[in-house]
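A.B. asks: this one's sequence-less:
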Ligand SMILES: Cc1cc2nc3c(=O)[nH]c(=O)nc-3n(C[C@H](O)[C@H](O)[C@H](O)COP(=O)(O)O)c2cc1C
């Protein structure tokens with residue numbers, strides 16, 4: 001079956017991005033994680049970021065009912081993590097893999113940068129919702145990023 005959105009996806013995909021894992025803590029004590037490349041920095045004062053969540057994602061209700069989220073920017077050697085959190089019913093994220101800072105949202109221990117965010121606004125935008133967060137704590141280390149371009153990781157080694 002042909003994908004009528006393929007040409008638009010191809011054009012959007014010409015914009016190279018990093019890869020992040022957005023995470024939240026659920027009411028039932030479980031954690032939710034999703035691979036995203038829509039993460040963007042927005043503002044320095046106050047410090048704001050955003051990412052866009054597909055309305056049809058299995059993780060939608062978890063993020064919609066959480067008032068905070070974590071963002072972990074992946075390193076070049078974390079392609080496995082990117083694939084893992086891009087699949088429904090992937091292995092549950094464990095406490096051993098995460099840290100919690102101020103909001104209680106999970107942040108991956110292994111990362112290039114981390115952002116602990118308080119949700120400040122949600123905006124419906126077509127088939128996605130834009131989740132704007134105020135950064136209450138962050139860190140970063142020197143390293144190579146995982147890069148995504150034209151539906152492939154760069155370098156496309158596998
Ligand atoms: C590189 C990459 C980037 C992605 N970026 C986003 C994104 O920004 N927003 C989003 O909602 N889904 C994004 N996805 C899709 C989700 O990670 C996930 O695959 C999708 O929600 C389907 O999972 P589900 O079956 O659990 O709903 C991305 C997937 C990949 C591989």
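C.D. replies: All right, it came through fine. Just so you know, these numbers come straight off a predicted model, no measurement behind them. Residues are numbered from 1 along each chain as shown.
A.B. asks: show me the helices in this structure, by range?
C.D. replies: Ranges of helices within the chain are 6-12, 60-64, 79-84, based on DSSP state H.
A.B. asks: redo those as a markdown table? Include mean pLDDT, mean neighbour count and distance to the ligand.
C.D. replies: (Each C-beta comes from the backbone N, C-alpha and C, glycine too.) Shown next, in a markdown table, are the helices of the chain (pLDDT from 0 to 100; neighbours: other Cβ atoms under 10 Å; distance: least, Cβ to the nearest ligand atom, whole Å):
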| stretch | mean pLDDT | mean neighbour count | distance to the ligand |
| --- | --- | --- | --- |
| helix 6-12 | 96 | 10 | 11 |
| helix 60-64 | 95 | 17 | 8 |
| helix 79-84 | 95 | 16 | 6 |
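A.B. asks: reformat those as JSON lines; add distance to residue 22.
C.D. replies: Converted to JSON lines, the helices of the chain look like this (distance: least, Cβ to Cβ, whole Å):
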{"stretch": "helix 6-12", "distance to residue 22": "19"}
{"stretch": "helix 60-64", "distance to residue 22": "7"}
{"stretch": "helix 79-84", "distance to residue 22": "12"}
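A.B. asks: so in terms of bridging, what pairs with residue 71?
C.D. replies: residue 22, residue 115 (DSSP bridges).
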